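1. sequence and predicted structure below; questions after.
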Amino acid sequence: QKEVEQDPGPLSVPEGAIVSLNCTYSNSAFQYFMWYRQYSRKGPELLMYTYSSGNKEDGRFTAQVDKSSKYISLFIRDSQPSDSATYLCAMRDNNAGNMLTFGGGTRLMVKP
Amino acid sequence: EAGVTQFPSHSVIEKGQTVTLRCDPISGHDNLYWYRRVMGKEIKFLLHFVKESKQDESGMPNNRFLAERTGGTYSTLKVQPAELEDSGVYFCASSHWTGGVETQYFGPGTRLLVL
């Protein structure tokens, strides 16, 4: 079983839709939760960073962490074609070093 | 501010050959990481440098992989001899700490194909 599970998609939505991306994980020691966006042929780019449980909002993006359910989400409001990319969740257990453990990524397509 | 750069962007080699990947981190970043994404799999950690020292190399798959970071600046990852299963995208990341939070910035990756 993978430590972090993420539906690979693709997820296709019309422009303006609300997008929900999710990851589940098995390691209860994860404390830091990140969402990266990766465009084709580019490296992952950090979008959101959350410590422990709770919500964090940044513009059109909202990250949620539910540690009791081992479930994290990224919501994108008013999605734009430029949001089309692969979204990767990543997590870190600080007691196990600084390495990030990634999900496989969800490919999102926002159609005009 | 220049981002993390990696060279080459692509490399195609034959099984048994040697390949060396280079990563130039963001200036001033002491932490440097190597990750790899094999086809169909998630990005996986290989190792972590703090300056020139290997802090964690628990993700290195075997002794055919050698990473160095002489002088604590750029880093190289050598694969010798390369095997078919080494094909994938190799990412480098560097990081800094701000307000107790570490942010890892990724390079564009080197796409390695071993034939």
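-> The structure has been received and is ready for your questions.
2. low-confidence ranges, chain A, go.
-> Filtered on pLDDT under 70, chain A yields no residues whatsoever.
3. enumerate the residues of it near chain B.
-> A:2, A:4, A:6, A:36, A:41-46, A:49, A:51, A:88, A:90, A:97-105 (Cβ under 8 Å from any Cβ of the partner chain). From N, CA and C alone the C-beta is placed, and that goes for glycine too.
4. 10 Å - rerun?
-> A:2-6, A:8, A:32, A:34, A:36, A:38-39, A:41-46, A:49, A:51, A:88-90, A:92, A:94, A:96-105 (Cβ under 10 Å from any Cβ of the partner chain).
5. in the sheet, who's paired with the most centrally placed residue in chain B?
-> For chain B, the residue whose C-alpha lies nearest the mean C-alpha position (Cα atoms, centre = their mean) is B:Trp34; its distance is 3.1 Å. On the basis of DSSP bridges, B:Trp34 is bridged to B:Leu47, B:Cys92.
6. any idea how far it is from B:Ile43?
-> 11 Å (Cβ to Cβ, to the nearest Å).
7. A:Tyr87 too?
-> For A:Tyr87 relative to B:Ile43 (Cβ to Cβ), the value is 13 Å.
8. which neighbours do the two share?
-> A:36, A:38, A:44, A:103, A:105 (Cβ atoms under 10 Å, 6 or more residues apart in numbering or on different chains).
9. for the residues you listed, which one is nearest chain B?
-> A:Pro44 (4.7 Å; Cβ to the nearest Cβ).
10. tell me which of the shared contacts of A:Tyr87 and B:Ile43 fall in strands.
-> Those of the shared contacts of A:Tyr87 and B:Ile43 mapping onto strands are A:36, A:38, per DSSP state E.
11. sweet, I'm off.
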